[in-house]
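Asker: any chance you could fold what I've pasted below:
(one chain, ligands or ions: 1)
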Amino acid sequence: MTAARVKICGITRLDQAQHAVAAGADAIGLVFYPPSPRAVTIDNARAIARACGPFVTSVGLFVNAEPAQIEQVLARVPLQLLQFHGDEPAEFCEQFGRPYLKAIRMRPELDVVDAISRYPSASGILLDAYTPGVPGGTGETFDWARVPAAPSVPVVLAGGLTPANVAEAIIRTGCYGVDVSGGVEAAAGDKDPAKVENFIVNAQQAHAKGE
Ligand SMILES: O=C(O)c1ccccc1NCC(=O)[C@H](O)[C@H](O)COP(=O)(O)O
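Answerer: Numbers count the residues shown, from 1 in each chain. As a prediction, the model looks like this:
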């Protein structure tokens with residue numbers, strides 16, 4: 001069994017990206033959603049993605065963006081993966097010819113298996129908390145019992161994860177990976193190095209206990 005992969009999302013600073021990678025992050029998330037306090041410019045994102053190196057996945061996150069905006073980013077920033085965090089259907093996500101993660105927000109009435117089946121071309125599905133009017137980075141958890149036991153694609157668990165609860169989340173869901181933003185921050189967009197380190201260590205140890 002492979003350890004759960006860790007994505008640190010909402011990185012805005014080069015030094016914090018380098019620290020996350022040195023601490024063992026498998027992926028870093030760059031938010032291209034201007035209303036977010038974690039939004040990055042193309043120039044900043046390019047510098048961060050280049051500094052992370054080829055063996056760390058740089059993920060570009062978009063929320064109902066125009067295709068032209070996404071193409072503009074792709075032309076400058078070496079992203080290995082796209083993350084669609086809005087209401088984008090599969091046909092939209094596929095048009096860029098890049099591997100992608102589709103975020104699904106866990107509305108109370110949502111049929112999760114059905115929602116996942118709508119994205120057969122996705123490299124993975126990110127399950128996040130649902131808060132009306134807020135597309136992501138809410139710091140809220142959802143009921144982990146709703147994570148499918150045998151999903152058809154790798155599932156990345158997100159929403160309100162912290163160094164304190166990530167181990168339990170991995171053991172309870174058996175997820176492929178975990179994604180965190182607010183739970184490792186000192187303030188929105190400002191990652192706390194100690195929290196990042198603790199999050200990664202605890203995620204790795206959870207795998208050891210779950211084997
Ligand atoms: O982080 C944001 O500001 C954000 C804004 C709009 C859409 C998505 C956003 N983040 C997406 C992520 O992948 C977060 O890591 C995920 O929602 C979990 O956030 P948190 O609960 O703060 O760990």
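Asker: who's in contact with the helix ranked longest in the chain?
Answerer: When the chain is parsed with DSSP state H, its longest helix is helix 193-210. By C-beta atoms under 8 Å, 6 or more residues apart in numbering, the list of residues contacting helix 193-210 from outside reads 1-4, 6, 8, 16, 19-20, 23-25, 161-164, 166-171, 174, 178, 180, 183-186. All C-beta spots, glycine's among them, are computed from the backbone N, C-alpha and C.
Asker: please repeat the previous calculation with a cut-off of 7 Å.
Answerer: With C-beta atoms under 7 Å, 6 or more residues apart in numbering as the test, helix 193-210 has contacts from 3-4, 6, 8, 19-20, 23-25, 163, 166-167, 170-171, 178, 180, 183-184.
Asker: SS state for the residue most central in space within the chain?
Answerer: Central residue of the chain (C-alpha atoms, centre = their mean): residue 179, 4.5 Å from the mean position. What DSSP: H, G, I helix; E, B strand; the rest coil gives for residue 179 is strand.
Asker: my read: it touches residue 126, true?
Answerer: Yes. Using C-beta atoms under 7 Å, residue 179 is in contact with residue 126, at 5.9 Å.
Asker: which residues are in contact with each of those two?
Answerer: The contact lists of residue 179 and residue 126 share 156, 158, where a contact means C-beta under 7 Å, 6+ apart.
Asker: now residue 135. Nearest residue, chain neighbours left out?
Answerer: In space, residue 135 comes closest to residue 63 once its chain neighbours are excluded; the distance is 4.9 Å by C-beta to C-beta, 6 or more residues apart in numbering.
Asker: please apply the same query to residue 87.
Answerer: Nearest non-adjacent residue to residue 87, counting by C-beta to C-beta, 6+ apart: residue 64, 6.0 Å away.
Asker: what's the burial count for that neighbour?
Answerer: Neighbourhood size, residue 64 [other C-beta atoms under 10 Å]: 12.
Asker: mind checking pLDDT for it?
Answerer: pLDDT for residue 64: 98.
Asker: do residue 210 as well
Answerer: Listed pLDDT for residue 210 reads 45.
Asker: residue 35 belongs to a strand, doesn't it?
Answerer: No. Applying three-state DSSP, one finds residue 35 to be coil, outside a strand.
Asker: distance check, it against the ligand.
Answerer: Counting by C-beta to the nearest ligand atom, to the nearest Å, the gap from residue 35 to the ligand is 7 Å.
Asker: does residue 11 belong to a helix, a strand or coil?
Answerer: coil.
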